[in-house]
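[1] here you go, sequence then predicted model.
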Amino acid sequence: MAMVSEFLGQLTLAYGGCEPKFPTVVAVRDFDPAKDAARIETAVKTKGVDEQTIIDILTRRSYEQRREIAFQYEKLAKKDLISALKAALSGPLEAVMLGLMKSTAQYDAFQLKASMKGLGTDEESLIELVCSRSSEELLDIKKVYKEMFKKDLEKDVAGDTSGNFAKLLLALVQTKRDEPSNVVDYEKIDQDARALYEAGVQKRGTDVAVWISIMSQRSVPHLQKVFDRYKSYSPYDMKESIKMEVKGDLEKSFLTLVECFENKQLYFASRLSDAMKSKGAKEKVLTRILVSRCEVDLMKIRTEFKKQNGKSLYQTIAEHTKGDYQKALLSLCGGDD
């Protein structure tokens, strides 16, 4: 309980005009980066590698603290920590630890690049990363993407996708979404709801451009009211309408957007649940969500997961993973519910 109350005590850390944060990984008190660096150096030099020590340290420090450890490690060992981790670890555990050495925006940028690299695009990852991130997150990702890869995210997305799917992703990456307002514009809510209906269910064929424009530019609180109002025009709700009107990656993208507008943490909980439905978890999805959300909203995702599945995220991860990878994920999860 002490651990949970310590987390909850720090949840108010990050309003700052952005979305509030509900992390499971927070800065540790009485932090000693030199001591942590020395412990990691001993762990990687141990015959057989002491993975447990590496997990204990890196999964229970904030990103800023991990950076300080890396700085101290380089002073101590005369080599960088990332190279040391690559040499000492392998498989999914290595993916988690290397992911934790990046900031949330760097990690997302890296994942986006990976989803568009080589032959064939990993559309599922691309959709999750672009459609679930807020405008603030996307602005950070774009900046970091340019720094890391010397290319614009927009150009890479345009070069790797096509048709209306490309148009929707590009509209989102351009981050033209309105800021939430304290004033509720009922007339605009009604206009948008009617426009969505008239561009889709009411006509033969779909005017996708109208859907893209409204869903990529309006604020999230406004869209939540639009979807509610939409039901007074259409016999189907917005998600049912999407399934009837469009197919393939475009359908998945619009559905992801609506799910995230309605309840982003429930969306991630569902993704985690699906990733652990089959025998042997989809490690890529599990790793990506836990690493990218542990300092953002994983505490809330945990709550939604328990509500949705009747079983905690912690217990489900324990059942579907094993070894050091399991230990790392359970530590990021931050406790049982």
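    Structure received.

[2] which secondary structure elements does the helix or strand that contains Glu147 contact?
    When secondary structure is defined by DSSP states H and E, Glu147 falls within helix 135-149. With contacts defined as 3 or more C-beta pairs under 8 Å, 6 or more residues apart in numbering; DSSP states H and E, helix 135-149 has these neighbours: helix 104-115, helix 153-160, helix 163-173. All C-beta atoms are positioned from the backbone trio N, CA, C, and that covers glycine.

[3] run the last query once more with 10 Å
    Taking 3 or more C-beta pairs under 10 Å, 6 or more residues apart in numbering; DSSP states H and E as contact, the helices and strands that helix 135-149 lies on are helix 104-115, helix 123-131, helix 153-160, helix 163-173.

[4] will you turn those helices into CSV that also has mean neighbour count and distance to Ile55?
    Compiled in CSV, the helices and strands packed on helix 135-149 are given as follows (neighbours: other C-beta atoms under 10 Å; distance: least, C-beta to C-beta, whole Å):
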stretch, mean neighbour count, distance to Ile55
helix 104-115, 20, 18
helix 123-131, 21, 25
helix 153-160, 16, 32
helix 163-173, 20, 34
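
[5] pLDDT weak spots in the protein?
    The model of the chain has pLDDT under 70 over residues 1-18.

[6] break it into its domains for me.
    For the chain, automatic domain parsing gives the domain ranges 2-100, 105-173, 186-261, 263-333.

[7] including distance to Pro180, could those domains go into CSV?
    Below are the domains of the chain laid out as CSV (distance: least, C-beta to C-beta, whole Å):
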stretch, distance to Pro180
domain 2-100, 10
domain 105-173, 11
domain 186-261, 4
domain 263-333, 14
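
[8] quick check: which of these is buried the most?
    Among those, judged by mean count of other C-beta atoms under 10 Å, the one packed with the most neighbours on average is domain 263-333 (a mean of 20).

[9] how far does that one stretch from start to finish?
    The first and last residues of domain 263-333 sit 20 Å apart, counting by C-alpha to C-alpha, to the nearest Å.

[10] after whichever strand or helix holds Asp192, next one along is what?
    Under the criterion of DSSP H and E, Asp192 resides in helix 186-199. Sequence-wise, the next helix or strand downstream of helix 186-199 (DSSP H and E) is helix 208-217.

[11] between that next one and helix 135-149, how many degrees?
    Computed with axes from the mean of the first three to the mean of the last three C-alpha atoms, to 10 degrees, the direction of helix 208-217 lies at 90 degrees from that of helix 135-149.

[12] so how far is the next helix or strand after helix 208-217 off the chain centroid?
    Using DSSP H and E, the helix or strand that follows helix 208-217 in sequence is helix 220-230. On the basis of C-alpha atoms, centre = their mean, to the nearest Å, helix 220-230 sits 23 Å off its chain's mean C-alpha point.

[13] so what does helix 220-230 touch, helix or strand wise?
    Applying 3+ C-beta pairs under 10 Å, 6+ apart, one finds that helix 220-230 contacts helix 186-199, helix 208-217, helix 238-245, helix 248-275.

[14] would you turn these into TSV with distance to Ser103?
    TSV is the format used below for the helices and strands packed on helix 220-230 (distance: least, C-beta to C-beta, whole Å):
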stretch	distance to Ser103
helix 186-199	35
helix 208-217	25
helix 238-245	33
helix 248-275	19
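
[15] can you tell which of the ones you listed is closest to Arg66?
    Closest to Arg66 of the helices and strands packed on helix 220-230, according to C-beta to C-beta: helix 248-275, at 22.4 Å.
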